[in-house]
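Q: Need a 3D model of the following:
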Amino acid sequence: MTRTMIDLPDLAAMEALGARIAAAMRPGDVIALSGPLGAGKTTLARAILRAAGHAGEVPSPTFTLIEMYEALQPPVAHADFYRLEDPAEVEELGLDDYREGAVLIAEWPKRAGGFAHEPACLTIDVSFAGANAGGGRKAIVEGGADWLGRAP
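A: Coordinates of the predicted model:
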């Protein structure tokens, strides 16, 4: 799949992207969110979860590392790997158990060894649009083979 750049000038655009992703995701998918601190990874994860039907609070999993949303269809595991010092720590977390039949939203995926090699991985690099963008963002989206025809 080719890379696509999506302008995200405001929160409504971020919410719309989250809704498109939620509508397309299925069990086994990985949504890998990269970008600098404060770029909007957690905001996009929250938008995906809300669009998937979660009505409650969506805490950042920075300290818990993984938050599970089992009531959603498909279930979603939201992980933030920022605090990992070594990708081998993922095994200790039991990530494979969380992923069973679920979608994984992974913030800071490279700290967990990365997921881009998986055919069901949708990589999204969120960044600031520029100094004069008024708080706007942009996202570079690239999907693995399993995302052909359904990427946002």
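Q: can you list the weak-confidence ranges in the protein?
A: For the chain, applying pLDDT under 70 flags the ranges 1-2, 131-135.
Q: now the helices: where do they sit in it?
A: Remark: helices assigned in the chain by DSSP state H are 11-24, 41-51, 89-93, 95-99.
Q: Just name whatever secondary elements the first one is in contact with.
A: For helix 11-24, the helices and strands in contact under the criterion 3 or more Cβ pairs under 8 Å, 6 or more residues apart in numbering; DSSP states H and E are strand 4-8, helix 41-51. In short, each C-beta sits where N, CA and C put it, glycine included.
Q: so how far is that helix from its chain's centroid?
A: 11 Å (Cα atoms, centre = their mean, to the nearest Å).
Q: before we move on, what about stretch 111-126?
A: Relative to the centre of its chain, stretch 111-126 is centred 9 Å away, using Cα atoms, centre = their mean.
Q: Show me which positions of it end up buried.
A: Within stretch 111-126, the residues scored as buried using 16 or more other Cβ atoms under 10 Å are 111-115, 118, 120-126.
Q: now what about stretch 60-78, what contacts it?
A: Under the criterion Cβ atoms under 8 Å, 6 or more residues apart in numbering, residues 25-27, 42, 45, 48-49, 52-54, 58-59, 79-84, 93, 95, 98-99, 101-105, 107 lie in contact with stretch 60-78.
Q: go again using 7 Å as the cut-off
A: Defining contact as Cβ atoms under 7 Å, 6 or more residues apart in numbering, one finds that stretch 60-78 is touched by 25-27, 42, 45, 49, 52-54, 59, 79-80, 82-83, 93, 98-99, 101-105.
Q: which residues sit in contact with residue 99?
A: Here residue 99 is in contact with residue 77 (Cβ under 7 Å, 6+ apart).
Q: Strands of this structure, start to end?
A: Here the chain has its strands, by DSSP state E, at 4-8, 30-34, 66-69, 76-80, 103-107, 121-128, 137-143.
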